[in-house]
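*Asks:* Structure of the sequence below:
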Amino acid sequence: MQLISLISSLSGIYIGTYNPQISQLRILGKNNSIKDLYLRGQIIFATTYILGSFILLIFGSLILNIIKSKTMLMEQSIMFLALIITFLECNHSIAGGILLTKNEVPFFKASITAGLLTILFLLIFFQIKNIGIIAMVLSPGIAHLYNNWKWPKEVFMQLNITTEDVKYSIKKLLTNISHFKK
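*Replies:* Below is the predicted model:
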């Protein structure tokens, strides 16, 4: 889980560094600029996270053996599930950061509810059938199902993000990368 946390932290650095600028753009009412930064940040986040996840899944045990770590990775299927759940949580956290720039916290009740549900699911999973570490992965995953779609959707609606905007951002980012290589 620490390695998954590291992947999510590294993946979110790009958009995180722009939070002050996004706040300033929000004050100035420049939603198109916020949209551009958000979409670029999301593309970089997703790409970095997926790449890091792939490396962890395929080469994680090998790397731990090379550095002579006595730590063992969790079983691949559980790790894959944890990676998906963490990706979704990071995605809605990034959206939450964008929403907070309006000086409102629309997800307060949903976050408190998800926290309470996580505890409830942990208790249920451990009481009914002690399923071990998968309970610790599934509990927040199930509890945050609402948050995982609601807040990114809210950002898309507030910023009027369309499929064309997403395509344009991907194309623009790929163009910038190809120019950087030259």
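*Asks:* Give me the buried positions along the helix or strand that residue 137 is a member of.
*Replies:* Assigned by DSSP states H and E, residue 137 belongs to helix 133-143. For helix 133-143, the buried set under the neighbour-count rule, 16 or more other C-beta atoms under 10 Å, comprises 134-141, 143. From N, CA and C alone the C-beta is placed, and that goes for glycine too.
*Asks:* and of these, the nearest to residue 19?
*Replies:* residue 140 (23.5 Å; C-beta to C-beta).
*Asks:* ok, and the closest non-adjacent residue to the closest one?
*Replies:* What sits nearest to residue 140 in space, not counting adjacent residues and going by C-beta to C-beta, 6 or more residues apart in numbering, is residue 118, at 4.7 Å.
*Asks:* What is the neighbour count of that neighbour?
*Replies:* By other C-beta atoms under 10 Å, the residues close to residue 118 number 18.
*Asks:* show me what contacts residue 53?
*Replies:* Applying C-beta atoms under 8 Å, 6 or more residues apart in numbering, we find residue 53 in contact with 4, 7, 83, 87.
*Asks:* repeat that for 10 Å
*Replies:* Each residue near residue 53 by C-beta atoms under 10 Å, 6 or more residues apart in numbering is listed here: 3-4, 7-8, 11, 60, 79-80, 82-84, 86-87.
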